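Asker: quick one, structure for this:
(7 chains)
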Amino acid sequence: MTVLEFMLILGAALFCLGLYGVLARRNAVLVLMSIELMLNAVNVHLIAFARYVIGTEAIAHVLIIFVITIAAAEVGLALAIVLRMFRNWETVNLDRISTLQQ
Amino acid sequence: MSLLDLITIAIIVFVLFNGILTAVLGVIWAERKALARLQQRVGPSRTGPSGILQTAADAIKLMLKEDVRPGSVNVVIFYLAPLLIFTPIFMLWMVLPFGPDWVLSDLGIGLFYIVAILGLSVVGHVLAGWASNNKYALLGSARNAAQLISYELPLVFAVLAVGLLAQTATDRPFSLAGIVEAQGSVPYLVIMPLGFILFLVGALAETARIPFDIPHAEEEIVGGAFVEYSGIRWGVFFLTEYAGLATMAFLATILFLGGWTGPFSDQVPILQPFYLLVKMAAIILIVFWIRAPLPRLRIDQLMAFAWKLAIPASLVNLLVVATIVWVQHQNGWELWVTSVTISVVSIVLAVATGIFIQRRREQRLRQFRQRWAQ
Amino acid sequence: MPAEYAFNWAAVGIAAIFGFGGVASFFVISWILAPRRATSLTGIAYECGILPTGEGNTRYNVRYYLFALFFLIFAVETVFLFPWAFVFLDLPAAAFYSMVIFLVVLFFGLVYAWRKGVLSWR
Amino acid sequence: MATDTGLSANIVRDPVTEQAELSINMGPQHPATHGVFRMVLTLDGERVVDVYPHIGYLHRGSERLAEGENFQQITTLFDRLDYVANFNNEWVYVRAVEKAMGVEVPERADYIRLILSELNRIASHLLFYGTYGLDTGAMNPVMIGFRDRERIQQIFEGVTGARMMHNYFRIGGVKEDLPDGFVPAVRALLDQLKVGYEEARGTLTESEIFIERTAGIGAIPPEDLLDYGVTGPLLRAGGIDYDIRKADPYSVYEELDFRVPTGQTGDCYDRYMVRMLEIEQSISIVAQALDRLPDGPVMGRVPRILRPPEGDVYVHGENPRGDLGVYLVSSGGTVQPYRLKIRGPSFCNLMALPAMIRGSYLADATVILGSMDIVLGEVDR
Amino acid sequence: MTSGDRPEDSAPSSPIEERVREIAADNAQSVEYSFDELELRVSRESIVDVCAALKSDPDLDFNYLRCLSVVDWQDELEAVYHLASLSHPHKLVVKTRAPIDDPWIPTTIGVWKGADWHEREGHDLFGLEFRGHPDLSPLILYEGFEGFPGRKSYEIPEQVTFYGD
Amino acid sequence: MIETAILGAIGIITVAAAVGVVATRSVVYAAVFLLVSLVGVAALFLMMLAEFIALAQVLIYGGAITIVLLFAIMLTRAPEQTNVQDNAQRPLAAMACVGLFALLVAAALATPWRTRDPGADPMAEFTALSELLFSDFLIPFEIASLVLLVALIGAVVLTRSGREGA
Amino acid sequence: MNIEPAGGQGGTGQGPVISTPESRMALQNIAAHQKSGLSGVVTLKTEELFAMARKSSLWPLTFGLACCAIEMISAYMPKHDFDRYGVVTWPSPRQSDVMIVAGTVVKKMAEPIKLLYEQMPAPKWVIAMGSCATCGGPYVRSYSVVMGVDQIIPVDVYVPGCPPRPEALQHGILELQRKIQDEPKLKRGL
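Answerer: The predicted structure follows:
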């Protein structure tokens, strides 16, 4: 296994774990954390490509910066929404909120 | 990267670790003595000559104290928090240069390293407060986190302005050693006094010193986030606080006071650490001096000061420096022209801010004096 | 991996290990040396000598969250500022002006928060 | 343990800010409660929504104890009531017994009492200055205040032999005459105090942060102050010119020239300022009294065994903290009082605390409490 | 030179006395001087009305409750209100009694807020219930204290001195 | 050799911490695990010679995002929730994820990557990144500022008390 | 001569013990001599070093009850300056070594004092300052006063006086330091 493949598998593992968290968790904050994991998995792939694959050198780095930026904005906004939900329904349980909404 | 390298590094780091511990003991002793002088007291005098062993005794005693773990705490995080707070501060010391060649890891982007690592210890503060399961601790940790993150920004922008300025004189503008070289014989304190003041304010707040010691505020929340910590774990917090103070003084010396440079420092290299220490000691003494007479701010005033004055001012400072450096680059000015321009603008800005604050103060005082005229 | 790079970051990594390990070793030494004499009352959370009432972990003020969020936004700004400061002298004027615009936009956000009274605690 | 599925029952919701409230306990052991005062603050974030004061952690039953002691012995209990203004307490008590018995006090004794009490007022205000500095987070004021207080205590020690618990005022006079060299010593002390006063001015009075922390904090309307029975510097800071030394003069105060400083807004800064100006006034009162100090005996004609006639008297005096009142009921013919009620100024001032703190920040709560300058000894008695 | 409080006004204090008599009217059990202070005795039922009238009357304006004491006269408990006015230089003592086996007096907290803790203290130490007081929980004694230590009938328990457990 | 070992160790720590994030019941533990995982990713960046990005990761994720998350946790009293945090889709989700993981691993191993010799100067990479960011990516950069502004304003609007001003 | 309440610092729990430090020291010296080998000497020396550290850094709990508190504060102030002995206060019991009970202990306050004492980490010491904390003092006939703080927590040093002068409290601290230095020899505490 080359380093590139190792990194790719690592990224895949992070991504799948994140995906599992998003699907299986019902606390909104935990779901957000899982999304962060998925974004990081993408970053791991990008950095591996940047280092070992032709044609992706600096662009991958720039993309990672943008991913981090978007992740920051997303976390800030999403958590504000979570807080809002908590204020309205006294819970951050997504299942419960979807029942409450109906 | 050989095993030998690793062992060398480990030895150096070990020496640094112990050096920092000793230095912190010295700093605490110096503070107690200095404060005592400022308060017409004697200060520690019984333990060792002039009480110099006082802090060592304190450290040993803390080590020997019972490890009280309140029943309601979250054990893992309770134990993890001191580690999380201390480690980032210690990691900062890796990039600090003690002399032109005396630096363990001279990173090309050392400035950004400092900025990034500094933010890490906030997590430890929040976790400490949460794990204690104590209301004072919770309030203290919330205040601490809010204060640390708010004052990190003026600090960062002031540091970045230094990096920008160093662009003009060196090709390694973000390396700390590079910055010292870039300063040459004129320290940036002269060229950018506004930046220095902002850095000092940020550093005071980052180390939670009076008048910014709101996270501890013994009179309100009995010591804040660390109220449930006893023995050596509390000692680690204390240690971190003073290690942070030493770090900030070191940074200020490097970034604004010309680091190890001084008269004849090039000819006599042995003078270099001496100059560094003297400059650090001066900054630390200023901090002690500020501590003695000043009351504490309130949390809302503190945050308002950060977000309404310090952050805009540091952004303006950054923009002004950037603009001047850019214009210089476009027009090909001499280096000294740039320096003088920045110096003049910075001094004008600092003095204007000072006058603004002083006039408000005078106005208020006049009002009060009138009210209380005999 | 270049040798200097490896050396620098190995130092940082070892510092992290030493920071953790050193402090943890303090805990261990203290654990060995210190007496243990806790009673059932020792573990009670400190609340000025009164038995604590209610739960310790009550919610923060939402204002603290907003300050953390502002810090996040400005930290992202820092991430852009550093590379910019590193190269803007060698780039065309657009790079300089774009950062000015960037700062102004974020400054507008700060002013907005200021206007909305977020910064002044009601 | 609350779960994320159920609505937690113990969240009190504030309809305005929709924040969960946190009730936090301060005291009895707390650096800023000046003794063993305890208050439970209900917080909304950093704002104080409500305060519930608890007292009684120093209730020593002085009133009941007094019913079992001779009239002369009770002075010792008064020393320990407001333990930073001992002479002032003793004075009010001996005046009460003197009034009940109709005893005349020699003029020299009156002057001695006045000088010592005013010095004690300065000492008490210096203590306030120091601890108030601590409450706002400054370290130096307490050192300055105690340094000067120590000098005053040296004078006291020379006169009475004790630093705090003097038991020097007797019914009908004072225990013994002043020692030699008292007058020059006090004059020298007054000069030192003036220097210290200027130093204090520099440290807190004109400190920007101190003004920022205290101005506009803790003010309530003057009518409310009166309604709560608040007296002393707190009332005067609110703009009401009520000083018993002027409004209902006792002893030789009428013969002396002094001013009653009053504030305008009643905020913490005004309270601080009123006390600081009172130090100035007291220095001038002591200087005048020293000039007028007559010769003569220091003890009036008092029977060896005190048996006041049946009846009740209420005597009050201006203490550093306000209006100290003593209600003395004698059943006639006994050597012990039938009932002794003490109206502590801090006790009544404290009643206004919730009204002052409500709506301020947590940090202000200690500043406001500090500005009241309570002494638990007379609150709990 | 007298010590103690001098008679407060050599000027006639009778107008105050007349005014007090007028206001108290039928409620007054007696109006007399004791030492230098005017003393008004009323029944406990009328204490609130009298106090309110004394406070609201512009000529008297007793806006300052100096002290509220409770005295145990073995068979009766007496509440003593020392009043003063800050706008006029005059003082007044109002007294009212309650039998010891039916110890209650209406609360005057509606007249002066400053009566609050005095009344709670009276309730603590003497067991005198101030009816209508919103919060009569122990103020200076702890929860579960037995007896009323202010009363003459209260025996101070023998103090147990012991070392160790 | 040492490098490979370190890389492997970092990778294992990162994945283990990520497992912790999705497996733990305490939200605060999850946040701490997330911090470890993200710092682990930063270490991976370091191993790939991208020191600036690694530090940016530490600054944004380690410092700022973790704090924001922790504050949000404190604000929602979530740390007290010790009941099961997972919902009923758990087995299904696990199966889907394992399947996806298998697919991705297969893809990673099967694809013939056009590899190159890795660069050797980290500062040069930083310079390249910077120059690219402020020349070709100027428009996305400006848009990023707008995104951040929107996030800031949105958060202010959302967290302000609903009744006040409404 | 001092009367040691049982369950004192040593926590031996053997009931009331009345002894002089001298007599106990003599007993312990005999015991120490009977110990053979170097190890006894080494442990004794380390323990003495620890005791030196402990006695040089006595941190009292910020805690004043009544009149004596004023004199206690005076002891920290410029004229007397407790900092010379390394005595600085900390507001939380978790960081304190000594509890200076300065003033009257009333029954309502007894429980908080007990709790605060228990919350302090071992090794911990108590100084009873003033007559009230020693034995009830002037309030010995009161219905609400505890007759000395030693009825609720074990006291190491009694400082007499009403209130004791700051110098007397300093003497109390010095006595406590002597006691701590003696502790390893007496095989108590630690």
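
Asker: low-confidence stretches in chain F?
Answerer: F:77-88, F:118-120, F:161-166 (pLDDT under 70).

Asker: can you tell me the closest non-neighbouring residue to residue B:308?
Answerer: The shortest distance from residue B:308 to any residue other than its chain neighbours is 6.1 Å, reached at residue C:119 (Cβ to Cβ, 6 or more residues apart in numbering or on different chains). From N, CA and C alone the C-beta is placed, and that goes for glycine too.

Asker: give me the neighbour count for residue G:139.
Answerer: By the other Cβ atoms under 10 Å in any protein chain shown criterion, the neighbourhood of residue G:139 contains 24 residues.

Asker: next: the one 4 residues further on.
Answerer: Residues near residue G:143, counting by other Cβ under 10 Å, number 22.

Asker: phi, psi of it?
Answerer: phi -80, psi -10 (degrees, to the nearest 10).

Asker: contacting residues for residue E:113?
Answerer: For residue E:113, the contacting residues are D:224, D:227, D:228, D:229, D:351, by Cβ atoms under 8 Å, 6 or more residues apart in numbering or on different chains.

Asker: buried residues in the helix or strand harbouring residue A:7?
Answerer: Residue A:7 is part of helix A:3-24, with elements assigned from DSSP states H and E. Within helix A:3-24, the residues that count as buried by 16 or more other Cβ atoms under 10 Å in any protein chain shown are A:3-24.

Asker: is that helix anywhere near chain C?
Answerer: No: Helix A:3-24 lies apart from chain C when judged by Cβ under 8 Å from any Cβ of the partner chain; the minimum separation is 11.0 Å.

Asker: packing partners of that helix?
Answerer: helix A:28-52, helix F:2-23, helix F:27-47, helix F:90-110 (3 or more Cβ pairs under 8 Å, 6 or more residues apart in numbering or on different chains; DSSP states H and E).

Asker: now the longest one: average pLDDT?
Answerer: Meaning helix A:28-52. The pLDDT scores in helix A:28-52 average 87.

Asker: quick check, distance from it to the centre of its chain.
Answerer: Between the centre of helix A:28-52 and the centre of its chain there are 6 Å (Cα atoms, centre = their mean, to the nearest Å).

Asker: likewise for the last one?
Answerer: Helix F:90-110 sits 20 Å away from the centroid of its parent chain (Cα atoms, centre = their mean).

Asker: from the contact counts, what lies against that helix?
Answerer: Going by 3+ Cβ pairs under 8 Å, 6+ apart, helix F:90-110 lies up against helix A:3-24.

Asker: and the angle from the helix it packs on to helix F:2-23?
Answerer: 10 degrees (axes from the mean of the first three to the mean of the last three Cα atoms, to 10 degrees).

Asker: got a list of what the residue nearest the centre of chain D touches?
Answerer: The centroid of chain D falls nearest to residue D:321 when counting by Cα atoms, centre = their mean (2.7 Å). Counting by Cβ under 8 Å, 6+ apart, residue D:321 touches D:82, D:85, D:124, D:232-233, D:344-346, D:349, D:373-375, D:378.

Asker: among those, which are in helices?
Answerer: D:124, D:233, D:345, D:346, D:349, D:378 (DSSP state H).

Asker: give the contact list for the residue nearest to residue B:308.
Answerer: B:303, B:304, B:307, B:308, C:113.
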